[in-house]
Structures are given as C-alpha cells and as structure tokens.
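In: predicted structure and sequence below. I'll ask about it afterward.
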Amino acid sequence: MPIPSQGFPLAAAVTPRLQVVESVDSTNAKLLHDAAADPDGHPHLSVVVTDDQRAGRGRLDRVWTAPAGTALAISVLLRVGAVEIADRGWIPLIAGAAMRDAVAAQLGGKKGEARGATRVSVKWPNDVIVGHSAGRGADHADGDGSDGRKISGILTEVLPSDPLTVVVGAGVNTTMETVDLPVPTATSFADQGVEVDEDRLLADYLTALRDGIAALAVGGHAAIEDGVTERCSTIGADVSVSLPGEHGVTTLRGRAVRLDADGRLVVESEGVETVVSAGDVVHVR
C-alpha cells in the first residue's frame, strides 16, 4: 500500500517537522545528514518517513529490507541535552516500548492489558515481537514460550557533529504479505490479518516516544524503568545471548533477571550475574 495522498495528519499534529519521502536509501542516514547541514531547521522530534527504503540498516550492521510499499521506515530526531549522560542508554529502550504500544493498539492490546490471544512485547533491547509469552512483558498470555515473531526493529545513532542529538530509526512491517516475509521469525500487520492505520500508528509512536524522553529528562531512568520493564518479555525468560568479542562470538545461557541502572540486561547463569550491553538475544524454551 503506498503512503496515502493525504499524508499523515495525526502524526503531523505531534511533530514540528514531518518529511514524507517517496523513496530513500536510509531514513536514518538522510535525517543525520540533513540535521547536520541545517540544525535550526530540524528541531526536537523532527521526522523522516517513507514506505520505500532501499538500504535500511538494523542493529549489529544488519540489513533491513522490504518490498516497496510494505513497510514504514521512520526516523526521529531527538535533542537530548536535558537527559543525563548516565540515562541515555535508556533512549533505545524507550523507543522500543513506544513502538510496542503503537503496535499493540493496532493489534487489539492496550498498554499492558491482555487482550485475547494477541501478545505484543519488546525483546531486549528494542525489537517488537508478536506472540512471545515466556517472560513478563505486556500482553503476555499462556503460550508455548517461543521467541515470537518480529514486526519492528529499531536502530539509534548519535549525530557525529553533535553528541546531544540522537536519531532513532524504526522499521515496521505493515502490508507485507506472509510470502514476502524475509525470515520465518518475522511478521507483519497483514500477516496478522490486520489492516493497519499507518497514520494512527505513527502518531501513537511519536507521542509515546516524545513523552518517554520527556519523562527521562525530568525524572531520570527511575521515571521510565518500570514501564520499560513491564513491556520487555525478555525479563524472566531463559535466554541465549551471542556476545561479540576480541576472540569471536561467545554464547551466554541463563535467565534474564532485570535491567541495570544503564538499561543493560542482567543475565544470571549458575549463580553468577553477567551484564550484557550488546548482543543477540534469543528466548529459549
């Protein structure tokens, strides 16, 4: 489905600058470039959005690809000077929680209330997944404890010329048919049998992201920690974490017990706690 001709009026009411582009290599790269060239013209919560991103990137330098018209690529510029340096690790987690709520609202869930069989949660740090139920994330219900399927991923980058400016990029599968899903662990609104309201989705995401960053700036991570944790189905789950290192990738297996003060994942294995700042997390049965 192409972007509607009327644009995104609900989302436009939330952001001071909404740029809709027909196609682009990367919304993150474009917004980073444009904000560096014209900082005054890109205030807090400026947005670039497209449904045809040609060279999107995910975490750990992965490629995010989707046929044109089947996914939204959304990049949001955040001015984070009011956020304490020690709390900035929570920004990607806030983005994941914001997208989780926007997706859940479309799929029938509301902010942590279980709604039928639909379960939407965040796999640490910020992948939005549908169907997982092993941990204590929002909208969980009885299930088989499988890892769920990813409907959205998020990549956060700092503007090289201004460390107080962050760009949060999100990709969300909207009208992608089941046959076009890139991997069996992916899903989309169409795959879930739901016709997505893209304007409402974007407006809800921007509103929650805006409010989450504001709360972080005013109250520190204590103000948002419970909400992020409640939405994260990784907490309380048995996990396998692939950790990159100097001598290759190592695997940590254990139970994810909590987030630390920096938003990092704490995994307990044989009585020993390990703090994970980056790595591939898989929920295991």
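Out: Everything's here; your move.

In: count the residues that sit near Leu181.
Out: Leu181 has 19 neighbours, counted by other Cβ atoms under 10 Å. Every C-beta, even on glycine, is put in place using the N, C-alpha and C of the backbone.

In: please apply the same query to Thr251.
Out: Neighbours around Thr251, by other Cβ under 10 Å: 11.

In: was I right about Gln53 contacting Asn28?
Out: No. With contact taken as Cβ atoms under 8 Å, Gln53 and Asn28 are classed as non-touching, separated by 9.3 Å.

In: more neighbours, the two?
Out: The residue with more neighbours, out of Gln53 and Asn28 and counting by other Cβ under 10 Å, is Gln53; that gives 28 against 25.

In: show the pLDDT at that one.
Out: pLDDT for Gln53: 92.

In: same check on Asp144?
Out: 35.

In: in the stretch 51-200 of the chain, which spans are strands?
Out: Along the stretch 51-200 of the chain, the stretches classed as strands by DSSP state E, counting those that start in this stretch are 56-57, 63-64, 71-79, 120-123, 127-130, 149-159, 162-173.

In: how far off centre is the fifth one?
Out: Distance of strand 127-130 from its chain centroid, counting by Cα atoms, centre = their mean, to the nearest Å, is 8 Å.

In: and for the longest one?
Out: Going by Cα atoms, centre = their mean, the spacing between the C-alpha centre of strand 162-173 and its chain's C-alpha centre is 10 Å.

In: over to the fourth one?
Out: When distances are taken as Cα atoms, centre = their mean, strand 120-123 is centred 9 Å away from the chain's centroid.

In: cool, stretch 24-34 as well?
Out: The gap between the average C-alpha position of stretch 24-34 and the chain average comes to 18 Å, counting by Cα atoms, centre = their mean.

In: pull out the buried residues from it.
Out: Counting neighbours by 16 or more other Cβ atoms under 10 Å, one finds that the buried residues in stretch 24-34 are 24, 26-32, 34.

In: stretch 179-191 now?
Out: When burial is assessed from 16+ other Cβ under 10 Å, stretch 179-191 yields the following buried residues: 180-181, 186-191.

In: out of the residues you listed, flag the one nearest to Gly279.
Out: Distances from the buried residues of stretch 179-191 to Gly279 were compared by Cβ to Cβ; the smallest belongs to Ala186, at 20.0 Å.

In: so what's the closest one up against?
Out: Neighbour list for Ala186: 149-151, 173 [criterion: Cβ atoms under 8 Å, 6 or more residues apart in numbering].

In: adding neighbour count and pLDDT, write these out as CSV.
Out: As requested, those are arranged in CSV below (neighbours: other Cβ atoms under 10 Å; pLDDT from 0 to 100):
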residue, neighbour count, pLDDT
Arg149, 19, 95
Lys150, 23, 95
Ile151, 28, 96
Asn173, 28, 96
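
In: I'd like those as a markdown table, with distance to Thr274 appended.
Out: Written out in a markdown table, the entries for those read as follows (distance: Cβ to Cβ, whole Å):
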| residue | distance to Thr274 |
| --- | --- |
| Arg149 | 27 |
| Lys150 | 24 |
| Ile151 | 29 |
| Asn173 | 32 |
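
In: mean confidence (pLDDT) on the strand or helix carrying Val48, please.
Out: Element membership for Val48, per DSSP states H and E: strand 47-50. For strand 47-50, the mean per-residue pLDDT is 97.

In: now for that strand, which elements pack on it?
Out: Applying 3 or more Cβ pairs under 8 Å, 6 or more residues apart in numbering; DSSP states H and E, one finds that strand 47-50 contacts strand 18-20, helix 27-37, strand 71-79, helix 198-219.

In: most tightly surrounded among the ones you listed?
Out: Using mean count of other Cβ atoms under 10 Å, the stretch among those with the greatest mean number of neighbours is strand 71-79 (a mean of 25).
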